[in-house]
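J.: Starting from these lines, generate the structure:
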Amino acid sequence: MAGPRRIGQSVPEVAGKALGKRGLAFGALITDWPAIVGQQLSQRTAPDKLSFPRGKREEATLHIRAMGAIALELQHLEPQIIERINSFFGYRAVARIKLIHAMMPLVPSPMVRQRPLTTEEEASVTTTIAAVEDEELRATLERFGRSLLARPRKAGR
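T.: The predicted structure is shown next:
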């Protein structure tokens, strides 16, 4: 019996057949696009398609809808966007981006206003990441923790 495996290694095998043509990865990209690329870019761009190489569930090409001058900005930001997407998924889900010159949907996606963190939540994030030695990883985990805690609370919680 093999030992523990990274989740990124298991996702392609487990999810591949069950998720169908578009898959869970594409659904997560759509719903979490503002968290991945930031609010400003998410209002002017949209993920259109995620194309994986035949027989693989990693190193996909992400097709992004963009119009006008934002396409040039996306070309310059491509390495950072790919890094943020792959950090979001926890494995090398996307290897490249292809821009599609297309109109954006006329219906804007609803903006989720994040609430300010309480003192206890701030302390919780700081305490949780304190033991992480890698400075870049610690900063990423801090941003992630803050964004999770800042989501609006649903009624009944």
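
J.: mind giving me the domain split of this protein?
T.: Here the domain assignment for the chain is 7-101, 112-157, based on automatic domain parsing.

J.: Buried deepest among the ones you listed, which one?
T.: Stretch with highest mean neighbour count among the domains of the chain: domain 7-101 (a mean of 15; mean count of other CB atoms under 10 Å). In this view, the C-beta of every residue, glycine as well, is placed from N, C-alpha and C.

J.: related to what we said a few turns ago, would TSV of the domains of the chain with mean pLDDT be doable?
T.: Below are these laid out as TSV (pLDDT from 0 to 100):
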stretch	mean pLDDT
domain 7-101	80
domain 112-157	83
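
J.: residues making contact with the helix or strand hosting His63?
T.: Under the criterion of DSSP states H and E, His63 resides in strand 60-66. For strand 60-66, contacts defined as CB atoms under 8 Å, 6 or more residues apart in numbering pick out 25, 29, 44-53, 74, 82, 85, 93-104.

J.: how about the nearest residue to Ala71 once chain neighbours are set aside, what does it touch?
T.: Counting by CB to CB, 6 or more residues apart in numbering, Leu99 is the residue found nearest to Ala71 once chain neighbours are left out, at 5.1 Å. Remark: with contacts taken as CB under 8 Å, 6+ apart, Leu99 is in contact with 63-64, 66, 71, 74-75.

J.: would a markdown table of those residues with distance to Thr119 be doable?
T.: Below are those laid out as a markdown table (distance: CB to CB, whole Å):
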| residue | distance to Thr119 |
| --- | --- |
| His63 | 43 |
| Ile64 | 39 |
| Ala66 | 40 |
| Ala71 | 43 |
| Leu74 | 38 |
| Gln75 | 42 |
